[in-house]
Structure formats: structure tokens, C-alpha cells
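*Asks:* Got a predicted model here, sequence first, then my questions.
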Amino acid sequence: MAEEKKLFKVKIDNISVEVEPGTTILNAARSIGGDVVPPAMCYYSKLQGSGGKCRTCLVKVTKGSEADPRPMPKLVASCRTTVMDGMEVANITSPEVQEARKGVVEFLLLNHPLDCPVCDQAGECDLQNLSYEHGAEATRYEFKRRTFDKIDIGDKIQLHMTRCILCYRCVFTADQLTEKREHGILGRGDASEISTYIHQSLDNNFIGNVIDVCPVGALTDKTFRFKNRVWFLKPVDAHRHCDDPKCCGKTVLWMRGDEVFRVTARKDKYGEVEDFICDTCRFDKKEKSDWIIEGPRKIDRHSVISQGHYVNTVKPKDPLVEVLDGRQPKLLFDIHSTSEVNRPEIDLSKIEGPAHSDDFNK
Amino acid sequence: MGRKLLLDKAHIEGIRYYDTYRANGGYAAAEKALKSMGPEAVVEEVKKSGLRGRGGAGFPTGLKWSFIAKPEGVPRYLVCNADESEPGTFKDRYLMEFIPHLLVEGLLISSFALGANSAYIYIRGEYAWIPDILEQAIAEAKNKGWLGKNILGTGYDLEIFVQRGAGAYICGEETALLESLEGKRGNPRIKPPFPAVKGLWGCPTVVNNVETIAAVVPIVNIGGDEYIKFGIGKSTGTKLISACGNINKPGVYEIEMNISVEEFIYSDEYCGGIKGGKRLKACIPGGSSVPVLPANLLLKTAKGETRMMTYESLNDGGFATGSMLGSGGFIVMDEDQCIVRNTLTFARFYHHESCGQCSPCREGTGWMKKVLHNIEYGKGKMSDIDLLWDIQRKIEGNTICPLGDAAAWPVAAAIRHFRDEFEWHVKHPDEALTRNFGLAHYADPLPAPAAAAV
């Protein structure tokens, strides 16, 4: 008989859940789902060592554990803090967390160009969603935002550092998915930038995944740039037999009619890819005939992509039909012939001084 | 004259070299520790001494040593943090420059106590000439059998390596230091795991400040019970203070932690008073990142007690009316200094030194600098002061490493204690460009203790 694993009891926003030891608070919250899940901009479950940097997932630990019930003195990054048995966490129930998160969103947007109208990521941008849900309506920043020149890393990927929030996801991707490390951070502080050392091109069959992991529009697909808006396209699940043993071949095609505009990996509701795909599938297979189409992909995030697709919409009921009990509404009539109030025979120019209601009652 | 433990022999000519150091009682502690005490006894003695980390946080060293994990077959490391980059702090430099053998001896004893066979000195890149001094001392010690294999026939091996940093303040943070030592980008790690469990190359590691390691030598020499007789309460022993600013005698002083702040500033043994007979306006008692205090709160606590040069007394009143001993970078400002300008200088420093890993610090430090720049140069608004307060509040505590806090505290304290001066800068933009606010009421005796509470 297999020994039963001891599970840790955790309470997040007063909702209890049992998870395996070693689970992070963020993943425990994700197992509950819904509103208690903290947003995460830099954590990526598929990338080892990611997380802890953006600070949007900060939560308050109100009770450390059953053994040591003291609360933690500071807010902690839920993506990198593992749960303890009996831990109690406050996320949306803590005003302190909400306040801190609002501050972090403000910091993230401080130097962000907010060029969403011309950004290819718009509509599927984690930063857009985050600022919509947690940000303030206006910025208090009155200074020039920092800018960088656009860099082409390879012929298929463009890096626009100005939009970058330095989540390090692409650095981990390049580190862990590709053989040679050619991609990292240069400089420090708010002048640090993602770069290939001395503008080397990234030539590797898996480097295209950096586009998918980028939460903002800093890394974009050059084969798709300015071709279309994501919400005008129909996402379709598809697969093909890929020769690369590391590639799963399961993708999402973004189509309009029979035209395939771009190919991406399949992303779950937290914006993380289910499996990485190779660059051949991503960049070179842009014909419908290359793929076996499975069916429409449901985007169940609250993004504009799903909003354009009228999923679960209800036609509003016309209340007048019921109220009028089958009669036809008579909405337009000649107000002069019906109203007794306004008497056209009284000439206002002949009244001395301003007109009074008495003048009409004579 | 206050009693000294670290710099008592610093004046002897040639103490930098092995022969003179040995002739003046050097390596006696190492001999005692290795031959007659054993590792546990050394740790016990350090615990008994109440020695607290001299790098800034003041964490009890003995306790830190006892946290180190001891799994079988995994090497342990001792790392000496000589990346002394805090503005206003230059005590370790003095120690390493003049008595390098004290550090080597301290490293030998500490490594022996921890069971580490390799020790690293991570030294700040700007101290370009000091690695040579240290390496010479290490070579001398090795030559005389104090390092290498089978030291003093005890079977204990130790090698000390000197590693130069490349001039980043952030590498003074212990986990960033370890990353840098491993040859990576100096980004602080996310804790836990702490270095005591997973440090250098994933092995248990203790990171200690230069002065902390040097202080182990007198502790072993005189014993923890004797050491505890120096200082007051939990602030035991002596502390090196690097005094600078508008004083007559800037320099490194070893103080016994039982003198008052007033004595330290005005006595001829130490700072020798304010330069040019001016009046004291403010002081940052522990290096740039600790809160600045106005003269009245510096000399007396909010309760009206005399403020002493100890960890507890300087911290009396918390951050509302107190500060910290920090790393001992004692910066004195006279009546002609501008707090806004001083805060701007610090904000510029932290902005320049932020590693850029986590968003509040990366973006917030630059923002604070720009807002402060506007206020200092006559372009500020009243709302900017509240904005600054809000920014620092949103940085503090929300970052990966303490650099965010260190950037937030000076701004917070400056606004808390010197708000009048900020407002004056905003209201009189033209005048602020030509003259300073002056002393104002900052040295006036405080009202009754109850009213002083914030």
C-alpha cells in the first residue's frame, strides 16, 4: 500500500486548500482559482528560477504555520514562497497588499511607453490586463520616459526594450531551452536592458519561444508585426507532426478566413504556454495545409480577444413588448396639437417683461 | 582615553608586516584557538561575547555561525565581505590597509570554528591597492605555516583567496556578493534559502564583515566574558566609526560603545567639534542608508535621555525619532548644509546603484531622484513632497534585497524631520538657489517628551 502523502493545509483569503509540501503560495492560490490568484508578471511555471522580480504577486502571510503562528514581517512574493502547514495568507482581503500592488503597477508603468495602439501585443498583453485591473487611472510621473533603439535579434524576432519590464523570462528561456547562452541583461538599474551581446543574432530552433513568454510587447514576431490585431483573428487549435523531438507540434493558429497570420504555442489561462514549440512550426509553417486543425480555441481569459468572439452572449429582452401587452407603441405625436400648455396664439413679443405662466392662463 | 581592542597596535610602525605583527602578540589567538580550544569552544566564546555584525544589520555573529548547515561531505565556506561601499563608511579600508594580518588571523580562527577549508575576501573594486596588501599578508602567513595544509600540526587546512569586485554597491548585499563571487551578474538572490543553507556554489556559507571577523581575534584573546565588559548592554565591545563631514578631525576611530554621541562629536579625542566653530544641524550616524537625525534628536532621545553610541540607544524611538548605528559611517552636517541637496545626493547614488532586478527599486529610485532634483533646483511643487513620501513608502519592504529600504529610509527621514526645509525650497524657489535654509529650529531643545512623539 502506497504511503499517503501528507498534505499541507493552507488558507488563502479564508478559503482552505490542501496542497503538497513545497508548493508555492501562488500555485496554491491557482489551485483554488478565481479572484484569489495573485497576478504574476515574471513567474513562469515552466521556467526554472523565474519569479520574485516583478513584485506584483506580493501577499501578506498573516499566520506563518501551525508550528510558528507568527505573521511574516514583510509582504512576500507568493511565487517564490513555499507554503507551510497551517499557513494563512491574505491577498484580496488585505488592503495593504492591494495598496502595495497598486504601487508596483505604477512602478511597472512608469517607464512603459503605453504605445498600446501601435503595439502588436495589445489585446494579449499581461501588463495591459494588470494595469486595467490593479492600476490607477492616471500616472503621477512627470518626466521623460526612458527609450531604447529597437534591435533585431535574428531575422524573425524584434526586441523593443522601451516596452520591457525586465521580467527575465526570456533570459531563462534562452538559458534553459537553447544550447548556447547568448541572451542576457546588460547594464543595471533602470538602464539595464535585455540584449544579445554586441547584437549577435539568435540562431536557434527554440529561440522563438521568447516571444511567447514575454508578458509585454518587447519581443515580437517579425513575421506578424503590424499584420493584424489579435482580436480580429480567430484562434484555432492545430497540430502537425514535427521532426524536432523537443517540439510538441501542438499550436494555436491565428487565422482570418483561410489565411494563417501567425502560429503560437498554446497558452493557459495564466498566459503560460502548455508546451514549447520549435521555430520551424512557428515561423515557417504558415499555410493551412501544413496543419491538422482541431477546432476553435477557447480563450477564457478576460481579454479583448474573447470579447470579440461573443462567447456566451445573451440577446437582451425588449421590455416594451410585455408592458404594452401586444399594442403597438405610439411614440411620435405632434406635441402642439396634443399639449394644452403651449399656446401658439399668444404672441410672446407683446408681453411686457419676461413671460409668466399667468400669461398663458388668461 | 577609551580602551581599544582592534586598533590598539595600529600605530606601531611595520605592523602591516608579519614579523612586527607577530612580535606584538599577533597570531596568539589563532594558536590558542587551534591548539587548545577547538571549533565548538570558539563558537561558544563568540556567542558569549555578544558580538554583533559590524556590517550594518547588527545581527549576533555567534547566532549566525550556529545557523550554518553541516551536511556530511559538503564543503562549507567563509566569505569576508570587504565590499565596503556605503557612502560615509571607510573603516574596513583602514583595517585592511594598516593591519591586514588581523583580518587574516580572524579569518583563520573563524574558518576553523565553522569548519571551512576555503575563505574568500570579496573586496570592493575601487580599493585597487588593498588586494596587494592582503595577498602579501596571506603569502607571509602561508610562509610561516598559518595557512595551507595541516596548520600547526592540527590537521586543519585553510586557503584564503582575495577576489576583487568590479565596483558595484549592490555586491555588498551578501547574496549578490555570492553571485558575483561565482562569476555571475551581481543580482541579489531571493531568500530563502539563506546562505547558511545554500550559499556559495550551493554550499553552506557564512558571510561576515571585515570588522566582525577582525573582532573575533580579541574575543579569543581575552575571552567572551572579558569582551562583554566593553560597551553597554547588548552593544558589547568596540566599534570602528568612520567620522566625516563638517568636523575638525575626520577619520577612523575605535570607540568603546559606552560614550555619548555628544562626546564623540565634541571631544578632542574623537571628532574634535564642528569645523569653523559652527553649530551642528544634523547627523547621519551609520552610513548613508540610515535615517538622518536633526541635532536635537541626535544628542537626546525623544524621551529626553542622552543618546549613546550604541545599537540600542541610536535606535531608540524607532524610525520615528531614532536612527541606526549601521555600519558606523558617521556623517556630520553643520548649519550651512542643505538637507534637500544631501537627500538628492543619496537618491542619485541609490538610483545609480540599483541592480534593476525588481521593479519598485529599479523604477522608484530614479523617480525619487528626479522629484528631488526638481525641488532642489526650484521647480518643485508642494504635492511633490507628499509624492516623495508615497514613493518611498511603496518601495520600502517590497523589494528583494535591503537596497530598496536603504534608498527609501534617507528620503523618509529627511521629510519626517526636515519638512519645513523642503517646503521652504518649494515656496522660495529663487532664494533656494542662492542660499541655504540654515539651522532654523533643528537644534532647539525638544518640548516635553509626550509632545515629541510622532
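*Replies:* Happy to help now that I have it.
*Asks:* make it CA atoms for all contacts and neighbour counts henceforth
*Replies:* OK.
*Asks:* Show me the residue sitting in the middle of the chain in space.
*Replies:* All of this refers to chain A. The centre of chain A sits closest to A:Asp126, judged by CA atoms, centre = their mean, with a distance of 3.1 Å.
*Asks:* wrong one, I was asking about chain B
*Replies:* Centre-nearest of chain B using CA atoms, centre = their mean is B:Ser327, 1.8 Å out.
*Asks:* give me the element the nearest residue to that one once chain neighbours are set aside is part of.
*Replies:* Nearest residue to B:Ser327, sequence neighbours excluded (CA to CA, 6 or more residues apart in numbering or on different chains): B:Gly56, at 4.1 Å. Element membership of B:Gly56 [criterion: DSSP states H and E] is none; it lies in no helix or strand.
*Asks:* B:Gly56: neighbour count?
*Replies:* B:Gly56 sits with 20 neighbouring residues when counted by other CA atoms under 10 Å in any protein chain shown.
*Asks:* and it, what does it touch?
*Replies:* B:Gly286, B:Leu325, B:Gly326, B:Ser327, B:Gly328 (CA atoms under 8 Å, 6 or more residues apart in numbering or on different chains).
*Asks:* what's the answer for B:Gly155, then?
*Replies:* B:Lys149.
*Asks:* try B:Ile391
*Replies:* With CA under 8 Å, 6+ apart, B:Ile391 has these contacts: B:Gly364, B:Met368.
*Asks:* Wasn't it part of a helix?
*Replies:* Yes - counting by DSSP: H, G, I helix; E, B strand; the rest coil, B:Ile391 is part of a helix.
*Asks:* would you say B:Val332 is within a strand?
*Replies:* Yes - according to three-state DSSP, B:Val332 belongs to a strand.
*Asks:* Pick out the residue of the stretch 151-300 of chain B closest to chain A.
*Replies:* Closest to chain A within the stretch 151-300 of chain B is B:Ile190: 6.8 Å, counting by CA to the nearest CA.
*Asks:* Need phi/psi at that residue.
*Replies:* In terms of degrees, to the nearest 10, the main-chain angles of B:Ile190 are phi -90, psi 130.
*Asks:* which residue sits closest to it in space, ignoring its chain neighbours?
*Replies:* B:Ile400 (6.2 Å).
*Asks:* just B:Ala413 next, same as before
*Replies:* B:Pro291 (5.1 Å).
*Asks:* next one: A:Ala218
*Replies:* A:His160 (4.6 Å).
*Asks:* distance of that neighbour from A:Phe172?
*Replies:* For A:His160, the distance to A:Phe172 (CA to CA, to the nearest Å) stands at 18 Å.
*Asks:* One more: A:Glu66?
*Replies:* Taking CA to CA, one finds A:Glu66 at 35 Å from A:Phe172.
*Asks:* cool, A:Trp291 as well?
*Replies:* A:Trp291 is 29 Å from A:Phe172, by CA to CA.
*Asks:* any idea how far A:Asp85 is from A:Lys74?
*Replies:* 19 Å.
*Asks:* Name the residues of the stretch 151-300 of chain B found near chain A, please.
*Replies:* When proximity is defined by CA under 8 Å from any CA of the partner chain, the stretch 151-300 of chain B lies next to chain A at B:Ile190, B:Pro192.
*Asks:* Let me see the ranges of the strands in the stretch 151-300 of chain B.
*Replies:* Using DSSP state E, counting those that start in this stretch, the strands assigned to the stretch 151-300 of chain B run over residues B:156-164, B:205-209, B:231-232, B:235-236, B:238-245, B:251-256, B:280-284, B:293-294.
*Asks:* Out of these, which is closest to A:Glu96?
*Replies:* strand B:293-294 (28.2 Å; CA to CA).
*Asks:* end-to-end on stretch A:191-210?
*Replies:* Rule used - CA to CA; the end-to-end distance of stretch A:191-210 is 21 Å.
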